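Enquirer: sequence plus predicted model, see below.
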Amino acid sequence: MPGPSPRTPGRPLRRRPPSRFPVLAVSLAGVSVVLGAIGLQQVTAQPTEPIAFIVDEGLPHGITQESVEAAAEGIALGHEPFTLHVVERELEWDEYSNGETGDADIMLSIGDDPEDPDLSLHDATRVAFAGEDYGDDYSTAATIRETFVNNRTLGHGPHAIIGAALTAADLKFDPGIRTPLLWAPLAALPMFIAILVMYRWIGRRRDERARYRSFGEAQLRLARAVLELETLQMRVEVAGAHLGPGSAASKQDRTLHARLENDWTRVRELTRDLARTEQSLVADLDRTTPPLTARPAEQLEADLQQFAADTLDLQRRADALAQAAEVRSGHAGSRSVLDRLALPLLQSIDEVLAHHDRYPAEARALQAHRAGLLAVAQEVADQQGSEQAAGLVARHGDLLRRWNAVEQHIRTTALRMSRHVASAKTIPHATHVRTLHEAVDERARARVSAATAGATDSFTDLRAALGLGHGAALGPLQATERVLELIDRREGHGQPAPPPPVKDSLPTIPSGLLVLVLPVLLSLGAGLLVSSQIEDSHIQYGRTLTGDRPLAGLRVFGDPAELAGPVEPREDDPQTQGDSLDLDYVREQMARSLEFSEEGALLPADVEVTVALLPAEQYIEYAPDPEYDHRIAIGYRDLLAAQQQVKQDVAAEFPEVLDPRTDDVALGQAILPVWILEDGTYAFDNFLTGEFSVGVSSRLGAYDFTGTEPTVLGAGDMADVSIGWWIAYELEDLGRAMEYNRLTVDKVSPAAVFWAVFLSTWTGIVTVVMLGLAVMEAGRRRVGTAAVRRQLAGLRSDLEQLALGLDLSRLDMVAVLGLDSASGGRAEQADQRLYESALVTAWREVDALERLPRREQRGEAWEARVRHVRRLVTTLSTQQADVARRADELLRSQRFD
């Protein structure tokens, strides 16, 4: 029955519709840009909305409508406008509990309960929010009240109201999220996902191109098989004419012919089945199949892989059938077919014979069998050159039977040698990585590939079609490779023989740990760290201080002579209190303290200090502290009144100290009241500064009983310490408090920040790792490709050397060794012919590899072909050297006989 008509290769696949992945990636990148722009606007936004004030008349501390508005000019700004109503009375229930604040958004009472002046616990009921219960935001109310008290303790009046208003603007009237710790991850996350999407899309495109390329190669294999069906049928029919039932062939030959017929039928049916499969696959890939009958993606992928495997199997079957029919019909190509079968076996035998000194009896037998196989191969060659065609098919059948007999002898001898090599060390009860059978089979496949320079070889199928022993148990090649494997294992102390070198490249990177474990751990750490910073961002105590400004100026109000002088001062210290009240000395003491403290710093801004030396009895009423004998106790209201008096007295001599619009200390100025007691000892009050306290947990002016219970200095163990030294110490505390001023709260959930940071960090690390691995893999391939190109250039040089020595090789093999051969030189002639045939194969393969376009000189397939040629050239070089050595030994022996 005739086969199907020839067909042209399958039509090209239609272009697939554009993928949505790039659109998604661009969209995500756009989202990232938008989020980044929003975040940048939120983080860098400056308050622009003015805060309005309603101030009741008759308030203390110089707080009036005019003074508050003057203090607020250019300073009292928020992100959202609101009105603050300032009163002195206690707020009513409806005001702080029901939010009935009239036209104001917030009410602040600056008065005090005579029974509890809010020194240790600030009264949140003195703050009311419009339409809200103060208890719903107790912390905010208490903080606003606390800011006012802190500023009042600094001697501020109107600026105490401004500080409370700015704290309210940050805590209550700012709808935005100002922390970059949230916006940065939120903006980065879509971008990282976009990169991952693009990375995945590129990978899928690469896989898709590889899939289409593989499918195209399979189509070409199928088309070639279809085009060669008629030629293959003719070869099988010619072989049948000589081996069929009406011929004089033996029963065994007719059995083999029946196998050829069966193989032909199988090839034809497989070709038809694959042609139908190809049509359905093309329809699915082109998406022209109805959706209900189309293959799912997983099934399509599996069918494509199976189609490629089936076309390779078809090609192997067709090649084996064509070559078997060639040999059986006695055609001229039968010599090259048998040479292809002999070459890997002879090369394997040569490697075994390299160990002839260990097993001399088996080596001699194996050498004789090798010569017998070569003699049969030479007879085939001689018959192909003869013009007598009569009986050629019958003689071929006889030669194949003799060939098979020689192979069986080789197998028997090699297995006997294996038993000598095998031991408990070389074949343990459990192999390490591969079983012995797997190792031998792998060596045999590598041997065949190397002998044919990596060309597709139907070695096993061809042996079966010719009726030769095949498989791991029967093949002579497996038997000789088993000997070599056992020898290698014995030398390697029982370990499986290492496989032949695969490629020269950089070592493989264990990417599983990088891609899975480390990113998760690092992302968890980053999320926890940043979320904890969010939670405590308004505290920040213990952070590194950055103040680097020395004291800008120092003035003295009052008479230093009233101070008790330092008792027994050191020689290099000031001898009087007046001497210590010197700008250079105070600066020197502040700078010297930095040498002994890694956490110290100077002032964060320029400050001029006026030290007010004040007789205590003229300003305050004080008494010894009942609990501490080194302290005095001052009433809180007396202290506030004294501070206002001190400001006015100092301003009378130094008017620049006060702001004339508000009567508060001017910005950049500070007054340090020093209460001089009757015995000349003294105590420091808090600094009255132009900087006013703003924000959460500000330490500037925070009341900690140092103002009403100051420590008495100038007596006792510290009597020899000058007041200038103490002022330097107090200025360090002032600088630290100024740096901790204006702290804000990030109004965002730490959990939200944790997940945003975790996801963005994980995505970013994975993206960087994947891109890094891709770059390293590209570099590895580049290095490997360059190394393989250098090897290819070296192979060209090696082949040229082998070609130059070809005449000498013929003389050594045929003229020298052939004359002394038991086969009359036929084996040596066949050996030389096989050597030259392999040399031509290697030369053609190197030419083909060098002629490939530069873009195709890379990849696993190309490198594998170079490796196969390299191994073949190495074998040929070894064979040439062995022939020269044997010829030289023969000539030496004949010379001295």
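Expert: Nice, thanks for sending it over.

Enquirer: who's in contact with the closest residue to Gly58 other than its chain neighbours?
Expert: Take Gly58 and drop its neighbours on the chain: the residue closest to it by Cβ to Cβ, 6 or more residues apart in numbering is Glu88, 7.5 Å away. In this view, the C-beta of every residue, glycine as well, is placed from N, C-alpha and C. Counting by Cβ atoms under 8 Å, 6 or more residues apart in numbering, Glu88 makes contact with Asp56, Gly58, Leu59, Pro60, Ser109, Ile110, Gly111.

Enquirer: what is the burial count for Glu709?
Expert: Applying other Cβ atoms under 10 Å, we find 16 residues neighbouring Glu709.

Enquirer: quick one, phi psi at it?
Expert: Backbone torsions for Glu709, taken as degrees, to the nearest 10, come to phi -130, psi 60.

Enquirer: test my guess that it contacts Ala633.
Expert: Yes - under the criterion of Cβ atoms under 8 Å, Glu709 is in contact with Ala633, at a separation of 5.8 Å.

Enquirer: shared neighbours of the two, which are they?
Expert: By Cβ under 8 Å, 6+ apart, Glu709 and Ala633 have these common neighbours: Asp625.

Enquirer: and the strands in the protein?
Expert: 49-50, 52-55, 77-78, 83-87, 106-109, 127-129, 553-557, 608-615, 622-624, 632-634, 669-676, 682-684, 688-689, 712-713 (DSSP state E).

Enquirer: which among the ones you listed is found nearest to Gly695?
Expert: Smallest distance to Gly695 across the strands of the chain (Cβ to Cβ): 13.2 Å, for strand 77-78.

Enquirer: out of the strands of the chain, flag the one nearest Leu731.
Expert: Nearest of those to Leu731, taken as Cβ to Cβ: strand 608-615 at 7.0 Å.

Enquirer: what comes up buried for that closest one?
Expert: Glu608, Val609, Thr610, Val611, Ala612, Leu613, Leu614 (16 or more other Cβ atoms under 10 Å).

Enquirer: gap between Asn686 and Trp725?
Expert: Relative to Trp725, Asn686 is positioned 19 Å away (Cβ to Cβ, to the nearest Å).

Enquirer: between the two, which one's more packed in?
Expert: It is Asn686, of Asn686 and Trp725, that has more neighbours when counted by other Cβ under 10 Å, with 27 against 19.

Enquirer: OK, contacts around that one?
Expert: Counting by Cβ under 8 Å, 6+ apart, Asn686 makes contact with Thr153, Leu154, Gly701, Thr706, Gly707.

Enquirer: got a winner among these for most neighbours?
Expert: Neighbour tally across the contacts of Asn686 (other Cβ under 10 Å): the maximum, 29 neighbours, falls on Leu154.

Enquirer: wait, that one touches Gly690, no?
Expert: No - contact between Leu154 and Gly690 fails when scored by Cβ under 8 Å: they sit 9.4 Å apart.

Enquirer: joint contacts of the two?
Expert: Val665.

Enquirer: what's in contact with stretch 792-805?
Expert: Residues outside stretch 792-805 that contact it (Cβ under 8 Å, 6+ apart): 839, 842-843, 846, 849-850, 866, 869-870, 873, 876-877, 880.

Enquirer: who touches Leu346 in this structure?
Expert: Leu346 is in contact with Arg370, Leu373, Leu374, Asp831, Leu834, counting by Cβ under 8 Å, 6+ apart.

Enquirer: and for Arg871, the neighbour number?
Expert: Neighbour count of Arg871, defined by other Cβ under 10 Å: 21.

Enquirer: oh, and call the first residue 366 from now on, that's how I've got it
Expert: Yep, numbering from 366; the last one is Arg1236 now.

Enquirer: now it. Nearest residue, chain neighbours left out?
Expert: Ala815 (3.9 Å).

Enquirer: and the one you found, how many residues sit next to it?
Expert: By the measure other Cβ under 10 Å, the count of residues near Ala815 is 24.

Enquirer: and it, how far from Glu582?
Expert: Distance check for Ala815 against Glu582: by Cβ to Cβ, it reads 23 Å.
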